[in-house]
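Trainee: Using only what follows, build the 3D model:
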Amino acid sequence: MAKPEQTIFYSIEESIKSYRQFAQKRINDKGFDITIDQGLILSIIHDNPGISQKEIAARAFKDHASVTRIIELLVKRNFLKRDSFEEDRRRFNLNVTEEGKTILTEVQPIVDINRKTAVEGISEEEIELLRKLVNKITANCRS
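Mentor: Now for the predicted structure:
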């Protein structure tokens, strides 16, 4: 039986964790007080007006409770505005505030550089092959 660190899944997880630590440090070093997950959820809401919390969780690969906590924090920090629906007080509409749009705009160049740095020395063909292989793994796990 292969040891966990000898599997492709270990390598994928290690790569993801390394990237997240690297990217978060660079965001923090530039003086921004926002986590990768907060930025991701803010971006998802910004790009998908009217999106449900369930769909946000699916797109961010987070459980519902984690998304709820992040949304609460983003509302408290005035990055998001939450409005209830008249017909159903249990549902609410989320809108990115001007402050939220500003932080997204200011952090995006750092995100772009982080992504570029992470794939440095990897050709477009290799990236496409990696994407196809990871998508095959995902499809195998979903079938």
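Trainee: Convert the C-alpha atoms of the helix or strand of the chain with the lowest mean pLDDT to PDB, please.
Mentor: Least confident element among the helices and strands of the chain, by mean pLDDT, DSSP states H and E: strand 80-84 (a mean of 88). What follows is strand 80-84 as a C-alpha-only set of coordinates in PDB (Å, rounded to 0.1, in the frame of the first residue of the first chain):
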ATOM      1  CA  LEU A  80     -21.100  43.400   1.500                       C
ATOM      2  CA  LYS A  81     -24.600  44.700   2.000                       C
ATOM      3  CA  ARG A  82     -27.400  42.300   2.900                       C
ATOM      4  CA  ASP A  83     -31.000  43.000   2.000                       C
ATOM      5  CA  SER A  84     -33.900  40.700   2.900                       C
END
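Trainee: quick one: the strands in this protein?
Mentor: Under the criterion DSSP state E, the chain contains strands at 80-84, 92-96.
Trainee: give me the low-pLDDT residue ranges for the chain?
Mentor: Along the chain, segments meeting pLDDT under 70 span 85-91.
Trainee: which residues touch residue 115?
Mentor: Neighbour list for residue 115: empty [criterion: C-beta atoms under 8 Å, 6 or more residues apart in numbering]. Every C-beta, even on glycine, is put in place using the N, C-alpha and C of the backbone.
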